[in-house]
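In: Let me see the structure of the following:
(one chain, ligands or ions: 1)
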Amino acid sequence: MSSTTISAIRATPVTVPLEAAILHSNGAHWGRFVRTIVEVETADGYVGLGEMGGGGEDASRQFAALAEYLRGHDVFRLEAMRYAICNPTASLYNNRTQLHAAIEFACLDIMGKKLGVPVHALLGGKLRESVEFASYLFFRYDHPDSGLGEVRTPHQLVEHAQALKAGHGFRVHKLKGGVYPPAHELECYRALAAAFPQDRFRYDPNSALSLADAIDFGRGIEDLRNDYFEDPVWGMPQLSRLKEFINLPIATNTVVVNFEQLASNIDNRSVDVILLDTTFWGGIRPCIKAAGVCETMGMGVAVHSSGELGIQLATMLHLGAVLPNLSYAADAHYHHLTDDIIEGGKMTYRDGAIAVPDGPGLGITLDREKLARYHALYRELGGYPYDRDPGRPGWYPLIPNHDWADPAASLKPRLR
Ligand SMILES: [Mg+2]
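Out: Reported below is the predicted structural model:
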């Protein structure tokens with residue numbers, strides 16, 4: 001047996017507080033992220049790090065079940081690993097794409113540590129020293145612990161964006177919408193554009209809009225400095241139809257998340273910019289492969305955030321570092337966190353960008369004390385229903401949605 005074979009997989013759920021509960025079209029992150037931290041150990045004693053989300057829930061049992069499949073698998077045999085745990089037909093029964101992603105991160109981390117090189121060097125080499133990020137603005141509830149304020153009105157949103165820009169240097173602002181009526185969100189978005197005349201903008205209502213609402217919203221922002229209109233309506237056929245009415249690039253992280261969908265989008269161009277997510281696509285390497293297809297076929301790429309602590313953020317930085325055709329600022333929820341589970345605390349933004357780690361592997365180290373502390377917090381609080389809004393008990397949206405939150409109501413829901 002080779003020394004770089006997997007001997008153990010450990011998974012630990014953690015809860016790390018956010019500055020406030022942040023809202024999206026399907027519900028909210030209830031003032032915290034639940035993430036599962038994965039440690040893959042090899043026979044020769046290397047430990048690689050991975051991370052996965054899971055909609056507010058612990059994923060550790062799924063990783064424990066994978067240990068039997070992967071014990072004895074050489075971490076350098078990544079293509080074989082894909083078939084060992086998630087080939088496309090077996091996955092019809094047990095889709096493990098996101099689990100595979102976390103294990104792939106850990107294997108790449110081990111490969112880098114073993115060879116003494118950063119992950120980006122294994123993936124073609126870095127083309128940039130840092131990756132620029134967008135401010136990723138959410139409507140949010142006032143947080144009873146942090147005292148950090150509500151974001152509901154145009155004025156509150158602009159104040160929040162000004163604070164984030166002052167603290168981190170963002171030059172691109174993404175508004176996560178699909179919460180309040182489109183006319184209210186349009187007012188908010190235009191207020192942002194007016195407040196930062198030199199900056200660029202993007203709006204993402206998570207496919208909550210009807211075609212009619214999306215046409216109105218799109219026409220209402222055509223004069224602004226938009227990067228793109230992200231998932232305004234659900235599905236490639238409807239995105240295609242929307243393009244006949246508005247003059248904006250369309251982006252998605254929702255309906256092009258695998259290679260079959262990418263092929264469909266080449267046959268019938270519904271989407272102009274593909275947001276690559278290292279978890280949704282099953283790892284950093286599938287994202288690079290998809291970016292290559294996009295480069296050839298003339299589609300733009302950006303880096304998507306499905307929520308991250310420092311391990312996942314490192315995967316986004318290594319991805320962003322090696323993509324020649326990355327022409328947009330990346331997304332991250334990261335600055336909404338109050339802490340991280342890596343040594344040295346949270347990575348810092350400089351002029352809106354985060355430096356690409358240059359240490360061996362992913363270039364980050366797990367802080368054991370923080371892992372224990374936030375695992376204890378997970379055990380205290382448990383999961384949260386990511387697709388429910390604590391301010392609207394019993395509510396869930398249809399697509400398209402017509403039952404919006406009330407922008408006149410300042411709610412202070414219980415978050416536990
Ligand atoms: Mg999105």
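In: Output the helix ranked longest in the chain in PDB, but only the C-alpha positions, please.
Out: Of all segments of type helix in the chain, defined using DSSP state H, the longest is helix 97-115. The C-alpha trace of helix 97-115 is given here as PDB (Å, rounded to 0.1, in the frame of the first residue of the first chain):
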ATOM      1  CA  THR A  97     -21.000  15.600  -5.600                       C
ATOM      2  CA  GLN A  98     -20.700  18.000  -2.700                       C
ATOM      3  CA  LEU A  99     -19.100  15.300  -0.400                       C
ATOM      4  CA  HIS A 100     -16.600  14.600  -3.200                       C
ATOM      5  CA  ALA A 101     -15.700  18.300  -3.400                       C
ATOM      6  CA  ALA A 102     -14.700  18.400   0.300                       C
ATOM      7  CA  ILE A 103     -12.600  15.200  -0.100                       C
ATOM      8  CA  GLU A 104     -11.000  16.600  -3.200                       C
ATOM      9  CA  PHE A 105     -10.000  19.800  -1.300                       C
ATOM     10  CA  ALA A 106      -8.400  17.700   1.400                       C
ATOM     11  CA  CYS A 107      -6.600  15.500  -1.200                       C
ATOM     12  CA  LEU A 108      -5.200  18.500  -3.000                       C
ATOM     13  CA  ASP A 109      -4.100  19.900   0.400                       C
ATOM     14  CA  ILE A 110      -2.200  16.700   1.200                       C
ATOM     15  CA  MET A 111      -0.600  16.600  -2.300                       C
ATOM     16  CA  GLY A 112       0.600  20.200  -1.800                       C
ATOM     17  CA  LYS A 113       1.800  19.600   1.700                       C
ATOM     18  CA  LYS A 114       3.600  16.400   0.700                       C
ATOM     19  CA  LEU A 115       5.300  18.100  -2.300                       C
END
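In: For the residue most central in space within the chain, which non-adjacent residue is spatially closest?
Out: Closest to where the C-alpha atoms of the chain average out (C-alpha atoms, centre = their mean) is Ser305, at 1.5 Å. Nearest in space to Ser305, with sequence neighbours left out and distances taken as C-beta to C-beta, 6 or more residues apart in numbering, is Asp331 at 4.1 Å. (Each C-beta comes from the backbone N, C-alpha and C, glycine too.)
In: With Ser240 instead?
Out: Ser240 sits nearest to Ser270 (C-beta to C-beta, 6+ apart), 4.2 Å away.
In: about what we covered before: pretty sure the residue nearest to Ser305 sits against Val303.
Out: Yes: the pair Asp331 / Val303 is scored as a contact, 6.6 Å apart, by C-beta atoms under 8 Å.
In: Could you count how many residues lie near Ser3?
Out: For Ser3, the neighbour count with other C-beta atoms under 10 Å is 12.
In: Tell me if I'm right that it and Ala43 touch.
Out: Yes: using C-beta under 8 Å, Ser3 is in contact with Ala43, at 5.3 Å.
In: so who does the residue of the stretch 251-400 of the chain found nearest the ion touch?
Out: Using C-beta to the ion, the closest approach of the stretch 251-400 of the chain to the ion is made by Asn253 at 4.3 Å. Taking C-beta atoms under 8 Å, 6 or more residues apart in numbering, we find Asn253 in contact with Glu230, Asp231, Ile274, Leu275, Asp277, Phe280, His304, Ser306.
In: filter the residues you listed down to the ones near the ion?
Out: Glu230 (C-beta under 5 Å from the ion).
In: In three-state terms, label the closest residue to Phe196 other than its chain neighbours for me.
Out: Excluding its sequence neighbours, the residue lying closest to Phe196 (C-beta to C-beta, 6+ apart) is His173, at 6.7 Å. At His173 the chain is in strand, as set by DSSP: H, G, I helix; E, B strand; the rest coil.
In: so how far is Lys165 from His173?
Out: Distance, His173 to Lys165, by C-beta to C-beta, to the nearest Å: 8 Å.
In: which residues are in contact with both of the two?
Out: Joint contacts of His173 and Lys165 (C-beta under 8 Å, 6+ apart) are Ser135, Phe196, Asp199.
In: tell me the contacts of the residue nearest to the first one when sequence neighbours are not counted?
Out: Using C-beta to C-beta, 6+ apart and skipping residues adjacent in sequence, the residue nearest Ser135 is Phe170, 3.9 Å away. With contact set as C-beta under 8 Å, 6+ apart, Phe170 has these partners: Phe133, Ala134, Ser135, Ala161, Leu164, Asp199, Ala329, Tyr349, Gly352.
In: Filter those residues down to just the buried residues.
Out: Phe133, Ala134, Ser135, Ala161, Leu164, Asp199, Ala329, Tyr349, Gly352 (16 or more other C-beta atoms under 10 Å).
In: from the shared contacts of His173 and Lys165, which is closest to the ion?
Out: Closest to the ion, out of all of those and judged by C-beta to the ion, is Ser135, at 14.5 Å.
In: Verify the stated contact: that closest one with Gly169.
Out: No: under the criterion of C-beta under 8 Å, Ser135 makes no contact with Gly169, lying 9.7 Å away.
In: Can you pull the residues that touch both of the two?
Out: Gly352.
In: all strands for the stretch 101-250 of the chain, in order.
Out: Taking DSSP state E, counting those that start in this stretch, the strands of the stretch 101-250 of the chain run over residues 130-132, 137-138, 140-141, 172-176, 200-204, 226-230, 250-252.
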